[in-house]
Each structure stands twice: as structure tokens, then as C-alpha cells.
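Chemist: Pasted the sequence and its predicted model underneath.
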Amino acid sequence: MEDINIRQPQQARLTGEAVLRFTGSVEKSELREGLKAAGTFRRLRWLAAAGALFIALLGVRVDAEGGSVNIGLMAAAAVYAIVFALLAPRRIVTHALRAQRAHEGADCVVDGTGIAALLDGADIKRLGWDEMSRYHETPNLYAVVGRTGLRNWVMILPKRLLTAPDAELLGAVLDSRLRRG
């Protein structure tokens, strides 16, 4: 079992802000579950279906003598649907896992300004509460969804890295700051 390191810095005690700090890594199954809870795969499948339908409709021609079907465009529609509905979700999870492993050993800090990932005391990424739009809770994790510029992102916070009271505290902080998805 991993060490769970939870500290409350002196500055936070003075200001009354609740600070939660924990260390650990996200597993592939947790990434998949978090992305699924956030709706990433559902939107991707809708995009795949709409794109495949559009390509298939380009291959159908109806005129006065009847109709014809372009087999090449039908095959392209099938390939498009397979790539986006089946292969792209796996690629997204693999890419997210590689990005997470590049910052192995980083601390996650939840405080009054937002959620930050820290490595050796320096911010890797800090996301303010105003950049976060909603969160999803599953029995195993919290998935926080937000937007920075034109990019949507999902932050996975596994409950297994927290003790039961700290997981409840994190849920209460997320509930007070964000809407539930």
C-alpha cells in the first residue's frame, strides 16, 4: 500500500482555508472510469456516428431511375466509425496515462485557489476554481471537468489515495465550489 501524506501548511491554518495534500498515481482503470464518468467517450461516439453518417450519405445518390451506392464511401464511413468509436478512446487513455507517468511522484494540493499538481515544491499545473465547471463522483474517484481557453480537460482524483474523512472533505469542498455533473 502506498504512503498517504496529508499535510496542512501553516499559512492555510492562519487563513482558515482547508488544504488537502496527497501523493500517488492514477491507474489506467481509474483514468478510463474518470473519462467515462465525465462523458468524454460518449461525445466521441456521437462524433463518430455523425461523421460516419455524413460520409455514408455522400456515397448515396438517388435520381429518377433509382439510386446507387458508392461502396468506397461506405467503406470509408465504416473505417471512420471504427477508428473514432473503438480506437480513439483507447488512445486517449494511453496518452493520459503517459502524461501522468511523466510527473510520477507529484503532490496534488486542493486549497482555496483551486487544485494544483506540485513536483519538488514547484507548480506543474495549477487550475483555479473559475476554470473548473463541474465534477463527477463515482465510488472510486472524483473527476473534475474544466476548460482552459479552447481546451477541455478532466482531472482524476482517486479516493483510494485518501483516508475516508479526507475523501469526504474533498467531496464537500468540490460540492461547495462546483456543480455536480
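Modeler: In hand now; what should we look at?
Chemist: Leaving out sequence neighbours, find the closest residue to the most centrally placed residue in the chain.
Modeler: Nearest to the mean C-alpha position of the chain, by C-alpha atoms, centre = their mean, lies residue 154 at 2.7 Å. Closest residue to residue 154 apart from its sequence neighbours, by C-beta to C-beta, 6 or more residues apart in numbering: residue 38 at 4.6 Å. C-beta: built from backbone N, CA, C; applies to glycine.
Chemist: Against residue 134, how distant is the one you found?
Modeler: When C-beta to C-beta, to the nearest Å is the yardstick, residue 38 and residue 134 sit 9 Å from each other.
Chemist: which of these two has more neighbours?
Modeler: Between residue 38 and residue 134, residue 38 has the larger neighbour count (other C-beta atoms under 10 Å), namely 22 against 15.
Chemist: What values do phi and psi take at the more buried one?
Modeler: Geometry field for residue 38 lists phi and psi as phi -80, psi -10, criterion degrees, to the nearest 10.
Chemist: Residue 145 is in contact with that one, correct?
Modeler: Yes - using C-beta atoms under 8 Å, residue 38 makes contact with residue 145 at a distance of 5.0 Å.
Chemist: Give me the residues contacting the helix ranked longest in the chain.
Modeler: Looking across the chain with DSSP state H, the single longest helix is helix 40-58. Helix 40-58 has contacts (C-beta atoms under 8 Å, 6 or more residues apart in numbering) with 35-36, 70, 73-74, 76-78, 80-81, 83-85, 88-89, 92, 154.
Chemist: which is the next helix or strand following that helix?
Modeler: strand 60-63 (DSSP states H and E).
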